[in-house]
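Q: Sequence and predicted model, in that order:
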Amino acid sequence: MSIDERYADFLRGIEQFNRREFFECHDTWEHLWQETTGADKLFLQGMIHAAVGFYHFSNGQWKGAQSQLDKCVKKLSGYRPTYRGIDVAALSGAIESEFFPAIEKALNGEKIAPPSFPTIELKGASDGEAERLLARLDQERVLFQNEIAALKRERDEAKEKLRLEREKFALTLKRHFKSAKKKERVLYGAILTLLALLVLALVWR
């Protein structure tokens, strides 16, 4: 299921977020997230982390706020600059530039002037069909970015596997070469011994 199928719940969560009803917003979006698939799922999860993080922040629970907002920024990184009409870059930027420093100060025992909580303004086309098209394009963009990231991970894993195989081959070759040299010395010793015995036999004839 995509957000489109329960868009009213998505919008209700945004309204709650903007009213600073972060706990209620988290509850609304979590029910939606449980039934969502595809690119929308991780996006909703990131937004839920934002709501929970701001809820903790508003209650002075600094470590909880830091943990949740950090998860938010990381999970929304692939959705920048915008997704579903939301300025993801602006939201993440506010968290990074205003809330993280404030939390660090609070954790160090300093008094802070709490920054203003960001609001969510939907930007995009005015008619429903165009909005659906933009949403579809957003989803396709994120899925494409995820595929690219997965391919890069596979490439890096393949390169690491090849490096390990090369090292393993080099070590095996080195062992074989060392064993061959040892056998060669034994063989040369045996030949020299036989030659010495042959010389002695000729001398004593």
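A: Cool, got the structure.

Q: other SSEs contacting the helix or strand containing residue 56?
A: Using DSSP states H and E, residue 56 sits in helix 39-58. Packing partners of helix 39-58 (3 or more Cβ pairs under 8 Å, 6 or more residues apart in numbering; DSSP states H and E): helix 7-18, helix 22-34, helix 62-76, helix 128-203. Heads up, the C-betas are built off the backbone N, CA and C, glycines and all.

Q: In this protein, where is pLDDT below threshold?
A: 124-141, 143-147, 196, 199, 201, 205 (pLDDT under 70).

Q: If we use 90, what do you get?
A: Within the chain, the ranges that satisfy pLDDT under 90 run 1-7, 37-40, 78-85, 111-114, 121-205.

Q: Tell me how many other residues crowd the closest residue to residue 17 other than its chain neighbours.
A: Counting by Cβ to Cβ, 6 or more residues apart in numbering, residue 17 lies nearest to residue 25, which is 4.5 Å off, once chain neighbours are set aside. By other Cβ atoms under 10 Å, the residues close to residue 25 number 26.

Q: quick one, phi psi at residue 117?
A: Here is the backbone geometry of residue 117 (degrees, to the nearest 10): phi -70, psi 140.

Q: didn't it look like it was pressed against residue 51?
A: No: in this structure residue 117 lies outside contact range of residue 51 using Cβ atoms under 8 Å: 10.3 Å.

Q: on that earlier part again, what sits against the residue nearest to residue 17?
A: Counting by Cβ atoms under 8 Å, 6 or more residues apart in numbering, residue 25 touches 13-14, 16-17, 51.

Q: Swap in 7 Å and give it another go.
A: Going by Cβ atoms under 7 Å, 6 or more residues apart in numbering, residue 25 touches 13, 16-17, 51.

Q: sorry, back to before: could the helices and strands packed on helix 39-58 go into TSV alongside distance to residue 98?
A: Listed next are the helices and strands packed on helix 39-58 as TSV, based on distance: least, Cβ to Cβ, whole Å:
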stretch	distance to residue 98
helix 7-18	16
helix 22-34	16
helix 62-76	11
helix 128-203	26
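
Q: out of those helices, which comes closest to residue 55?
A: helix 22-34 (3.8 Å; Cβ to Cβ).

Q: Same drill for residue 117 and residue 51, tell me which one is more crowded.
A: Counted by other Cβ under 10 Å, residue 117 and residue 51 do not tie: residue 51 has more neighbours, with 24 against 16.

Q: give the contact list for that one.
A: Residue 51 neighbours (Cβ under 7 Å, 6+ apart): 17, 22, 25-26, 29.

Q: how much space between residue 40 and residue 51?
A: 16 Å (Cβ to Cβ, to the nearest Å).

Q: Likewise for residue 96?
A: Taken as Cβ to Cβ, the span from residue 96 to residue 51 is 17 Å.

Q: now residue 118
A: 11 Å.

Q: Ok, residue 13 next?
A: 8 Å.

Q: Mind listing the shared neighbours of these two?
A: Counting by Cβ under 7 Å, 6+ apart, the residues touching both residue 13 and residue 51 are 25, 29.
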